[in-house]
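Participant: sharing a sequence plus its predicted fold:
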Amino acid sequence: MKKFVNKVDDMLVESLSGFAAAHRDLVALHLDPNYLTRAQKPQNKVALISGGGSGHEPLHAGFIGYGMLDAACPGHVFTSPSPDQMLAAAEAVDMGKGVLFIVKNYAGDVMNFEMASEMLAGENATVLTSDDVAVINSTYTTGRRGVAGTVIVEKCVGSLAETGADLATCKALGDKVNQRTGSMGVALTSCTVPAAGRATFDIGDNELEMGVGIHGEPGRRREAMREADAIVGDMVAAILQDFERSDHKPAKGQEILLLVNGFGGTPLMELYLLFNSAAKVLEGHGLIISRSLVGNYVTSLEMAGASITVCLLDDEIKRHWDSPVHTPALRWGR
Amino acid sequence: MKKFVNKVDDMLVESLSGFAAAHRDLVALHLDPNYLTRAQKPQNKVALISGGGSGHEPLHAGFIGYGMLDAACPGHVFTSPSPDQMLAAAEAVDMGKGVLFIVKNYAGDVMNFEMASEMLAGENATVLTSDDVAVINSTYTTGRRGVAGTVIVEKCVGSLAETGADLATCKALGDKVNQRTGSMGVALTSCTVPAAGRATFDIGDNELEMGVGIHGEPGRRREAMREADAIVGDMVAAILQDFERSDHKPAKGQEILLLVNGFGGTPLMELYLLFNSAAKVLEGHGLIISRSLVGNYVTSLEMAGASITVCLLDDEIKRHWDSPVHTPALRWGR
Amino acid sequence: MRTEFILSAAAAIQQAILASESELESLDREIGDGDHFINMKRGSAAIVDMRSELADLSPDAALQKIGMKLLSTIGGASGPLLASFFMAMAKTAKERETDSLAGIAAAFAAGVDAVKQRGKADVGEKTMLDVLIPVANRFQTLTATDASRDEIFAALKDAAQAGMLSTRDLVATKGRASFLGERAIGHIDPGAKSCQVMIATVCDLALDRH
Amino acid sequence: MRTEFILSAAAAIQQAILASESELESLDREIGDGDHFINMKRGSAAIVDMRSELADLSPDAALQKIGMKLLSTIGGASGPLLASFFMAMAKTAKERETDSLAGIAAAFAAGVDAVKQRGKADVGEKTMLDVLIPVANRFQTLTATDASRDEIFAALKDAAQAGMLSTRDLVATKGRASFLGERAIGHIDPGAKSCQVMIATVCDLALDRH
Ligand SMILES: Nc1ncnc2c1ncn2[C@@H]1O[C@H](COP(=O)(O)OP(=O)(O)O)[C@@H](O)[C@H]1O
Ligand SMILES: Nc1ncnc2c1ncn2[C@@H]1O[C@H](COP(=O)(O)OP(=O)(O)O)[C@@H](O)[C@H]1O
Ligand SMILES: [Mg+2]
Ligand SMILES: [Mg+2]
Ligand SMILES: [Mg+2]
Ligand SMILES: [Mg+2]
């Protein structure tokens, strides 16, 4: 393992400190318990708090700021943060209109946020994101994982919260965006958790992991490496099949947001090639790509690979996607 | 080599097509010869054109748009574009106030842009960027390479051009920013040029390449891997030593822009850790980090590694850095 | 149950976890995200580090503090689960005697119940509960008989071992391994393994102390 | 010089470049950026592809077109240099006869001069000029003597080979290898190698055609 690190145990705090220093106009770092907030506390809005294991940067701290999150709780690499962080963050950012937790659906994250929610005195609610179609949904299991679609949820709910909407309305929009969003990921290489010091999984020079999770969890199947169009074809098909099974089968002419998300180790050149390929397939299905985002937003350290996310837009989602946002990692309109 | 690619020969055009589709509000792609322009042609300003080998994305096409470039000419991966591209781009974007080429100082880029400049009927000038302090400057050699500092040059000159400044004034600012900017890079792994299909250089599991170029060119020396603070210490020392030898030795209290640039395969978490480390060293020298940028801006495909860039600010540079910019890869203020 | 025993157990558990590094790490790498050993190492080190703070507390207060500490240091799935275990155990220990093995067994069972509730899981889902539930059951059953102390702890070790091994052939329906479907078959659950290691360690300690 | 010969030379050069793949690639990987083979392959393929367009042109027009084509297909450092070579050679070929070897030598020398100007480089800087300049000099010198055709082409091959080998011990002061300082010593310059390969190929062809 070669990484830019001093002592592995100090890595997270040193990185957070660098992040806070580089973006001190936007965010403030609080240590022990660790959480980050906006540099300037807004007023009279629902407080949005997200969090999760580190190693997915810029998620979540990179989305703190006007039009998105109020706070983020970073856990150790790939390990859910703990309730004390969420409680401290909630106390710091609650403006009296309640706290909305945005949580990716993993047993660890869910349970830690759940405990925080139970311990929290103030009004609060939770949106669970679960956009990963690699995991076939089933009522008796943990359900689907939350992956890159989380960014879209955070952006849209962030926009709505900024208008002064109440907690229930914010939660409802979050749930809606989540339900209308599907993602599928593929890995070409593994990542290496710094504290583990070796690759999370072994993968051959001519293999790919279809449906990989953002922590390097195994996916649907190990496959032989193929050309990009074939890989993308399968990824998009999985997303569309999932929509077909849902309450909102997209009709022809449905507008979508297409997000091609890099896992950290894939050059932008390849991400744009994937976008090109995915756009063709989706347009072939009569969908209209009216919004797009390409880049590294929900990463798995240095993993080579990418995910494709499709969000079925409606006027409300579109309006909240387009509204101004000013965070370290996503900024437009101001 | 595992990459998201269909046919290697089609990779560049497919990637450019995806880029243009994802950012169709901002850029337009022209093929054969290949160049990209702003989607809407502005009026009555010096036209800024950059270009170079592909594989450094988002450089340069990612910086097309309001407040930065008017056009970019992408070559094959790590191979300078050719004069026909520059001529076509110049013809498309010249608004009658002349064309300024911003060119990274590599023999290939310099000669190709030089031939374009000679062939071009209209008024034109060139800013050569050469911020890489890894290469000790010397009058009889090719001189220093242009690396991540190029982004700062493009941003500042882009801002000035937007005000209607004339060609000579734009060139003068570009030269000034370049002179006041120093960069130093380090690689932990090699990149793989798609058409070559194998790593550009071999590097051991416990080695780093200090002073590496953005095409994987060897640097000052091969070293044993060390902790981040030690690596950063040497990088910053090289930059400061270079300033010491220049006409603008920074005094205590000098404001700087600190750019930590990833080469493509380094997680954001590590880039922020490097920022934290570099900021401490620079502040220890009495410099004031008044502007900062952290991310993958001038990459070497999927190379793991990063560069540190210091730009000595003055009021003019600061003003042009802060002014609104709206491009695919850099956006603020609008 | 005495606080001194709790502290000895914590120290022994830390050593046992460290000794299981490669196994725990590879199990979670195979069907999870590879951090379970690191999480357990961090958690057990935190408890050993607060040894002096714990020493003067009553057993239930010590268990409660251990639970709170695990809650804020482990994170992940195992953090809230183990924390819930210790906090529920503390609650029962406070409410009733834990001088007898039957009392300890009841507190243990309360802890396991809390894990079930927190994890919304039960036996057969390929989690730590496949170790915890059978051990809790066996513990309560045996302490209601006239089985000897030695027999009881030996039986608990066996139950933990059997429970741990039982996870190998299961499909997971909870936790990260549930995303794997059939591909999880053939791999032991990391949380089941670490629980088995901890239980075996404490049983050995109890047998030694005899 | 006849256009037919130029076309045969282009085809032979393409084969020779392809046959040198691993050597050219590793040389540019060692002291450059690893693309020199790809650049030369792309350039030579482009010329062979335009064979039918070239066939009916005069030799000077064909050379000019080859130069333009290389300019827009190779890119990198070698693109403008080789393009300048062919365009300057075309210019001289148009202005004077190239039926004699002396005429060809003069055109070749004009091409090399253009490379010197474009690259702002001279002999001893560890570039393709370390092959081109000695070959141009030898070509002009020998065509002014009564050396036989065979002797001349054999001598040019030798000069190219010697020039190519001479780059091994040089520090580069131009091109990408100049960034390497002392570390470039011990490596042959890729552009020098490809020029040597091309010159040897054309000489062999000329000897064959005898
Ligand atoms: N819902 C659940 N109920 C009981 N145990 C669970 C549950 N989810 C996960 N676990 C246990 O947690 C273990 C994983 O712990 P750990 O690796 O530390 O956390 P994470 O899965 O968040 O990385 C699993 O092996 C399993 O035994
Ligand atoms: N200034 C120069 N003058 C002459 N030849 C040069 C000059 N710069 C580079 N070269 C030649 O170009 C070769 C490299 O070509 P190539 O790899 O195709 O381009 P690039 O260096 O842009 O990647 C070098 O090996 C050298 O022979
Ligand atoms: Mg985890
Ligand atoms: Mg090149
Ligand atoms: Mg785990
Ligand atoms: Mg090269």
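Facilitator: That came through, no problem. On a predicted model such as this, the values are computed, not experimentally measured, just so you know. Ligands and ions are numbered 1, 2, ... in the order given.
Participant: and C:Ala184, how far from C:Ser78?
Facilitator: 17 Å (Cβ to Cβ, to the nearest Å). C-beta here means a position set from N, CA and C on the backbone, and glycine is covered the same way.
Participant: more crowded one of those two?
Facilitator: Set side by side, C:Ala184 and C:Ser78 show unequal neighbour counts under other Cβ atoms under 10 Å in any protein chain shown, the larger going to C:Ser78 at 29 against 26.
Participant: which parts of chain A belong to which domain?
Facilitator: Following automatic domain parsing, chain A resolves into domains at A:9-179, A:181-332.
Participant: for A:Thr327, which non-adjacent residue is spatially closest?
Facilitator: Closest residue in space to A:Thr327, ignoring its immediate chain neighbours: A:Gly65 at 3.6 Å, by Cβ to Cβ, 6 or more residues apart in numbering or on different chains.
Participant: revised request: answer the last question for A:Leu12.
Facilitator: Of all residues not flanking A:Leu12 in the chain, A:Ser54 sits nearest, at 5.7 Å (Cβ to Cβ, 6+ apart).
Participant: what's the weakest-modelled helix or strand in chain C?
Facilitator: Within chain C, no helix or strand scores below helix C:21-31, which has a mean of 93 by mean pLDDT, DSSP states H and E.
Participant: related to what we said a few turns ago, enumerate every residue touching the residue nearest to A:Thr327.
Facilitator: A:Gly65 makes contacts with A:26-27, A:38, A:325-328, as judged by Cβ atoms under 8 Å, 6 or more residues apart in numbering or on different chains.
Participant: want to throw the domains of chain A into TSV with mean pLDDT and distance to B:Ala88?
Facilitator: TSV is the format used below for those (pLDDT from 0 to 100; distance: least, Cβ to Cβ, whole Å):
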stretch	mean pLDDT	distance to B:Ala88
domain A:9-179	95	37
domain A:181-332	96	22
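Participant: let me have those domains in JSON lines, extended by distance to B:Ala161.
Facilitator: Output for the domains of chain A, formatted as JSON lines (distance: least, Cβ to Cβ, whole Å):
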{"stretch": "domain A:9-179", "distance to B:Ala161": "26"}
{"stretch": "domain A:181-332", "distance to B:Ala161": "22"}
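Participant: and of these, who's closest to B:Gly182?
Facilitator: B:Gly182 lies closest to domain A:9-179 among the domains of chain A, at 19.0 Å (Cβ to Cβ).
Participant: what about the closest one and ligand 3, touching?
Facilitator: Yes: with Cβ under 5 Å from the ion as the threshold, domain A:9-179 lies in contact with ligand 3, specifically through A:78-79.
Participant: as a quick check, tell me the outermost residue of chain C.
Facilitator: Within chain C, the residue lying farthest from the chain centre (Cα atoms, centre = their mean) is C:Glu182, at 26.2 Å.
Participant: show me what contacts that residue?
Facilitator: For C:Glu182, the contact set (Cβ under 8 Å, 6+ apart) comprises C:Val171.
Participant: swap in the one 5 residues further on?
Facilitator: Residues in contact with C:His187 (Cβ under 8 Å, 6+ apart) are C:27, C:30-31, C:168, C:177.
Participant: filter those to the buried ones?
Facilitator: Among the contacts of C:His187, those that count as buried by neighbour count (16 or more other Cβ atoms under 10 Å in any protein chain shown) are C:27, C:30-31, C:177.
Participant: can you report how many residues lie near residue 61?
Facilitator: You didn't say which chain, so I picked chain A. A:Ala61 is flanked by 33 other residues according to other Cβ under 10 Å.
Participant: other chain: chain C
Facilitator: Around C:Ala61 there are 15 other residues, counting by other Cβ under 10 Å.
Participant: swap in the one 3 residues further on?
Facilitator: A count of neighbours around C:Gln64, defined by other Cβ under 10 Å, yields 20.
Participant: host element of it?
Facilitator: If you go by DSSP states H and E, C:Gln64 is part of helix C:59-73.
Participant: show me what whichever helix or strand comes after that helix is packed up against.
Facilitator: Using DSSP H and E, the helix or strand that directly follows helix C:59-73 along the chain is helix C:78-95. With contacts defined as 3 or more Cβ pairs under 8 Å, 6 or more residues apart in numbering or on different chains; DSSP states H and E, the packing partners of helix C:78-95 are helix A:107-119, helix C:36-49, helix C:59-73, helix C:101-119, helix C:190-209.
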